[in-house]
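**Student:** Fold the stuff below for me.
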Amino acid sequence: MINSYAGLDDAGVAIAAARAGADVVHTMYGRRLTRVDKGAGDFATAADVEAEKTILGVIRAARPDDAVLGEEGGQQGAADAMRQWLVDPLCGTLNYAVGNMLVAVNVALRDGAAAVADPFSGEVFFTDGETARVRRDGADARLTPTHATQLVDVNLDPPFPSAPGFRAVDLLAHPGFVERFRPRVVSTTLALAWVAAGKRAAYVTDGGDLSGSVHFAAGIAVCRAAGCVVSGIDGTPIGQAGGRGLVVAADADTHGLLMSMIRSEGRDRT
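**Tutor:** Alright, predicted model coming up:
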């Protein structure tokens, strides 16, 4: 049998894997799906598991020697491998389980190519590590961030490791935020991809170091390649030891405004 993935470059592998996973997610949508309890209110569905198997099949066919870290299957191959793929087969499982289509499929090569697929629009946001584009209806277009929408996605999902110094929900009530922006809550990597695409002005979430997270790596890679401003909630570069959370903005002015609000909230609680 001819291996149709072997000749792809890394971006092509990321796109093919993300699209294959997205096809599974789309096909299984609306079914009564078995849930796998992960504890603390978190769970996976049969669609998460099946999509990850399909994604891993593409990666193994294209890059059999690479390691993979999957949301559902965990580490496969050496954790310190030079090349490691980070896979979140269904980002937004809670949305999906209740019939909400705001979900994404994430595939990223650590420090390299990445793709975020929307199973329902058919769009794939991707980067080769240098430029960022969206593939829609067979055509590719460059991603161009802009703050014009003034819409900011704020992730309100627990845990909240930076509380009480920073609580995302308080940002929504900040007078400066109310004056300049309008909040949205998507809670999937689509929100990050939409910042890169100019559909959102920014995205904010709490957390630890998210640079190696299967949930965020693909979105961060796409945003960086698109020219977005990316940092932790304390303004430090993503991936720096002790870094916390994520602020991704379409431009420096938007990022600066959000950082000033976050810092003022922190001062008010000290």
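
**Student:** Assign residue 234 to helix, strand or coil.
**Tutor:** Following DSSP: H, G, I helix; E, B strand; the rest coil, residue 234 is assigned to coil.

**Student:** Give me the neighbour count for the spatially closest residue to it that is not a sequence neighbour.
**Tutor:** Spatial nearest neighbour of residue 234, chain neighbours left out: residue 244 (5.8 Å); criterion: C-beta to C-beta, 6 or more residues apart in numbering. Backbone N, C-alpha and C define where each C-beta goes, glycine included. Applying other C-beta atoms under 10 Å, we find 18 other residues in the vicinity of residue 244.

**Student:** Offset the numbering so it begins at 28, please.
**Tutor:** Yep, numbering from 28; the last one is residue 271 now.

**Student:** Helix, strand, or coil at residue 271?
**Tutor:** Under three-state DSSP, the three-state class of residue 271 is coil.

**Student:** can I assume it is in contact with residue 187?
**Tutor:** No. Assessed by C-beta atoms under 8 Å, residue 271 is found out of contact with residue 187, at 11.0 Å.

**Student:** Find residues that contact each of those two.
**Tutor:** Common neighbours of residue 271 and residue 187, counting by C-beta atoms under 8 Å, 6 or more residues apart in numbering, are residue 233.

**Student:** Quick check: beta-bridge partners of residue 209?
**Tutor:** residue 178 (DSSP bridges).

**Student:** Any figure for the gap between it and residue 198?
**Tutor:** Look at residue 209 and residue 198: by C-beta to C-beta, to the nearest Å, they are 13 Å apart.

**Student:** so where do the helices sit in this protein?
**Tutor:** 37-55, 73-89, 120-124, 195-198, 202-207, 217-223, 244-253, 279-295 (DSSP state H).

**Student:** and the last one, what does it pack onto?
**Tutor:** Helices and strands touching helix 279-295, as assessed by 3 or more C-beta pairs under 8 Å, 6 or more residues apart in numbering; DSSP states H and E, comprise helix 195-198, helix 202-207, strand 229-232, strand 256-258, strand 273-276.

**Student:** Please report the distance of the nearest residue to residue 217 once chain neighbours are set aside from residue 282.
**Tutor:** The spatially closest residue to residue 217, leaving aside those adjacent along the chain, is residue 131, at 4.7 Å (C-beta to C-beta, 6+ apart). Residue 131 is 23 Å from residue 282, where distance means C-beta to C-beta.

**Student:** Compare neighbour counts for the two and give me the winner.
**Tutor:** More neighbours surround residue 131 than the other of residue 131 and residue 282, with 32 against 21 (other C-beta under 10 Å).

**Student:** Who is the more buried one paired with across the strands?
**Tutor:** Residues in a beta bridge with residue 131, per DSSP bridges, are residue 118.

**Student:** Hmm, it is touching residue 145, no?
**Tutor:** Yes. Counting by C-beta under 8 Å, residue 145 is a contact partner of residue 131 at 6.1 Å.

**Student:** which neighbours do these two share?
**Tutor:** Here residue 131 and residue 145 have 217, 220 as joint contacts, going by C-beta under 8 Å, 6+ apart.

**Student:** Tell me how far residue 103 lies from residue 114.
**Tutor:** For residue 103, the distance to residue 114 (C-beta to C-beta) stands at 10 Å.
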